[in-house]
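Visitor: Fold the following for me, if possible:
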Amino acid sequence: MSRIVRNWTALSFLIVITVAITSVVVVHAQEASAQKTYRLVRVKIPPDSPHRLNKELNAPPKPYVIILKNGEQIGKASSEAVGWEAEFPDKSRNHWDISSDASASYTLQLWDSQWGRDVMIFGKTELNATAFASPIKEDLASYCDPKRAVSVEFAEVPTPPGK
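Guide: Modelled structure (predicted):
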């Protein structure tokens, strides 16, 4: 009888361990699916944008992007590019992990790199994860043509198989 009890105890222990491991794997999978990586693709400052007349900006500017999550910068600033319509290389410095967690609030800052003092072109706050799936545009006054807005475009980085 004691042999049956020992086997039953061992089997119960294995079941508990299996359930615990499965729970950890499921939670990790849910967290991974709730996070996507986005890369900076381009910044467009339209020809009739008021920023083109801003004497504090380089002409053309040297834009770079900073992303904040809940007020804290995530990762490094992007690389710099040059131009009114600047393309950014696909490298790790231009990638950010964006969580779809409802408590995550993102801020996008677009800067012009200048020797000694950088100048912010625009900032947009209270962004959620879905905002990165389409171009993020600056907010203009209601009387301005929306086509004049600066836009920052991101693209989702595909997750490699098995991750």
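Visitor: When you work out contacts or count neighbours from here on, use the C-alpha atoms and nothing else.
Guide: OK.
Visitor: Enumerate every residue touching residue 64.
Guide: By C-alpha atoms under 8 Å, 6 or more residues apart in numbering, residue 64 lies in contact with 77, 78, 79, 80, 81, 110, 111, 112, 113.
Visitor: Helices of the protein, residue ranges please.
Guide: Ranges of helices within the chain are 2-33, based on DSSP state H.
Visitor: how close does the closest residue to residue 135 other than its chain neighbours sit to residue 132?
Guide: Nearest residue to residue 135 in three dimensions, chain neighbours excluded: residue 153, at 4.4 Å (C-alpha to C-alpha, 6 or more residues apart in numbering). Distance, residue 153 to residue 132, using C-alpha to C-alpha, to the nearest Å: 8 Å.
Visitor: And for residue 127, the neighbour number?
Guide: Counted with other C-alpha atoms under 10 Å, residues neighbouring residue 127 total 16.
Visitor: dump the residue contacts of it.
Guide: Contacts of residue 127 were listed using C-alpha under 8 Å, 6+ apart, and they are 105, 106, 107, 108.
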